[in-house]
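Asker: fold the following, please.
(2 chains)
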Amino acid sequence: MSNIATVAAPERPAVSAALRRRISYAAQAVTGYVFLAPSLLVFAVFIFYPLIKSIYLGFYVSNPFGNGQVYVGADQYRRVLSSDQFHTALVTTALFALYTVVGGVVLGLLLALLANARLKGIFIFRTIFSSTIATSVAVASLMWILLFNPSIGVLNWALSLLHVARINWLTSPHWALFSVSIATIWLQLGFNTIVLLAGLQGIPDELYESARVDGARPLRQFFTITLPMLSPTLFFVIVIASIRAFESFGQIDLLTQGGPNNATFTLVYAIYRNAFFNFGATGVASAQAVVLFVIILLFTAIQFGVAERKVFYG
Amino acid sequence: MTAAVPALQTQTGTPARRRVRPGTIVRYAALTLAALVIILPVYLAMITSILPANEVATVPPHFVTLHPTFENFRHVFRVVPMWRFLLNSTVVASCITLAQLVTAALAAYAFVFLRFPLRRVLFFLFLSTLMVPAEATIVPNFQTILHLHWINTYQGLAVPFAATAFGTFLLRQFFLSLPKEILDAARVDGCGHLRTLWSIVLPLSRPAFATLAAYAFLAAWNQYLWPLLATNKPNMQTVQIGLRALVGNEASDPGLAMAGTVMALIPTMALLILAQRHIVRGLTGGAVKG
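Answerer: From the prediction side, this is the model:
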């Protein structure tokens, strides 16, 4: 008896300590889940559920005789993927992405190189170069509507000084996509310049020092040092600009409404028209939305796969 | 490109050299030209908004005026409920910002300071929301808002954006850099997690919270697609959607449109000037070390 007691006595606190640890661990877990709950609830309702619902809706067509849905399976995806509207929209979106990414990144790099100097008053130029990050797509679009105005716009007035015939920037099918791209490039120039400038400033001075000791000329320095050292940043900017191009909506809606002659009818604009103006095309819009999701996912996967560190875009 | 190359020399050159070199003059000229081109749309919008009626829509355009007027601004308030638009935008952007600060702070705290099963899985779940474009979820989200009778309501405009994976990561990165000892001390003192977050982590993380707040407000104020779908009554529209009414028809008056545009732009420009550092850090996120 006494033997058992002497053995049990020291064990007692040990058991309760383990128990306490377990309770504390459980309490911490509960706190963790409670803290994550608000975010998870919002994500569940407004991101995960609608994403799954979009995939699901893509399998159905609206019943023209009522509000019911008819299951058509993967047929709708097949039909959407092979439809003329989808092909046109995809080509238009890809062209729009090409214009805005190439234009935006080249100009952004030029501005960043210009602003990457230790000069008096350089911060004023940096602020101006980055100012478009505060501009909304609606504000930018309204400004560019004025600039593009065929009779009173400043662009055609400047062309007239050069004795060039006026251009119908937004109403000509040949020019509309290009014009929307110009407005978009301007809008995104601030972001591109900021990120590329930060990238340039991250390149160690010593690299240029030793290059100059080796007698490398400025242009050679640009191609042997600046460009390779900047490539991760450049890559990041290109991926983000591509994603933004595929997601662009406001400038299309305000500048051209997808016209003229569907010249600016992008994938996102097609989703919007089918979902909200084309009765019974909810399924088509959903299938197109899923395709858009897959395209963005590919861009993100490329970014995550190539970039070593994690990259977050808001 | 050629004008830009001397920059590298200037940057790396010895600071002792004070003589103005031709390269510096060329660079200033190029900088000024680029700045003028970038600022032109904003400048023209501002000048057009204060032009008197007989100077708007002229060829050649007026780049300056001797007769500035606020008539265009008064006109905006007569045509659309502009105060209401601005109020709606302010309410919605403020609610989204506040909600994101709370939800992201709680989530980031949990990911950094608490240990629980499935933590990594849940973290990946947060990460995955960044890959879903908002444009791909508008149809079901619109239906959700419709069923909740949230069309034309502030909650319909704000609640879908009440949580942010981006903001959670931003705060998480900052929390990870906090000295562990302070938090351990707080725990020993018997602080609950909520109190530790509020009275220890929050005061230490002010810069990160400021970055998230500035970035969230700017993004919310500038939203376009969702407010367009979630409202159809002018009284509940945000200023971005309200601008649509000023360009709707052929006969729209540039002075009127630009006055509205300037009013929508002023708050974000003010925010940019006040919190440029924070917004830049928010925008560039993990792309570069800020």
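
Asker: buried ones in stretch B:126-140, by neighbour count?
Answerer: Residues B:126, B:128-140 are the ones in stretch B:126-140 that count as buried (16 or more other C-beta atoms under 10 Å in any protein chain shown). No exception for glycine: its C-beta is placed from N, CA and C like everyone else's.

Asker: quick one: low-confidence ranges for chain B?
Answerer: B:1-19, B:188, B:248-251, B:283-290 (pLDDT under 70).

Asker: quick one, domains of it?
Answerer: What automatic domain parsing lists as the domains of chain B is B:5-73, B:76-284.

Asker: nearest to A:I145, of those domains?
Answerer: Closest to A:I145 of the domains of chain B is domain B:76-284 (C-beta to C-beta; 6.0 Å).

Asker: related to what we said a few turns ago, right, so the domains of chain B: which one is the most enclosed?
Answerer: Ranked by mean neighbour count, the domains of chain B are led by domain B:76-284 with a mean of 19 (mean count of other C-beta atoms under 10 Å in any protein chain shown).

Asker: now do the helices in the stretch 101-250 of chain A.
Answerer: A:122-130, A:137-148, A:154-161, A:176-201, A:205-213, A:218-221, A:227-247, A:250-255 (DSSP state H, counting those that start in this stretch).

Asker: ok, so of the buried residues of stretch B:126-140, who is nearest A:Y25?
Answerer: The closest of the buried residues of stretch B:126-140, once distances to A:Y25 are taken by C-beta to C-beta, is B:F126, at 22.4 Å.

Asker: secondary structure element holding the closest one?
Answerer: Assessed by DSSP states H and E, B:F126 sits inside helix B:119-129.

Asker: show me what the helix or strand harbouring B:I266 is packed against.
Answerer: Assigned by DSSP H and E, B:I266 falls within helix B:254-284. For helix B:254-284, the elements it packs on are helix A:122-130, helix A:137-148, helix A:176-201, helix B:22-49, helix B:71-79, helix B:82-113, helix B:206-221, helix B:239-242, judged by 3 or more C-beta pairs under 8 Å, 6 or more residues apart in numbering or on different chains; DSSP states H and E.

Asker: pull the distance from the third one to the chain's centre.
Answerer: What it means is helix A:176-201. Relative to the centre of its chain, helix A:176-201 is centred 13 Å away, using C-alpha atoms, centre = their mean, to the nearest Å.

Asker: now do the buried residues in that helix.
Answerer: By neighbour count on 16+ other C-beta under 10 Å, the buried set for helix A:176-201 is A:176-200.

Asker: distance to A:T256 for the helices and strands packed on helix B:254-284 - can I get that in CSV?
Answerer: Formatted as CSV, those follow (distance: least, C-beta to C-beta, whole Å):
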stretch, distance to A:T256
helix A:122-130, 27
helix A:137-148, 10
helix A:176-201, 5
helix B:22-49, 17
helix B:71-79, 23
helix B:82-113, 24
helix B:206-221, 24
helix B:239-242, 18
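
Asker: which residues of the stretch 201-314 of chain A score low on pLDDT?
Answerer: A:307-314.
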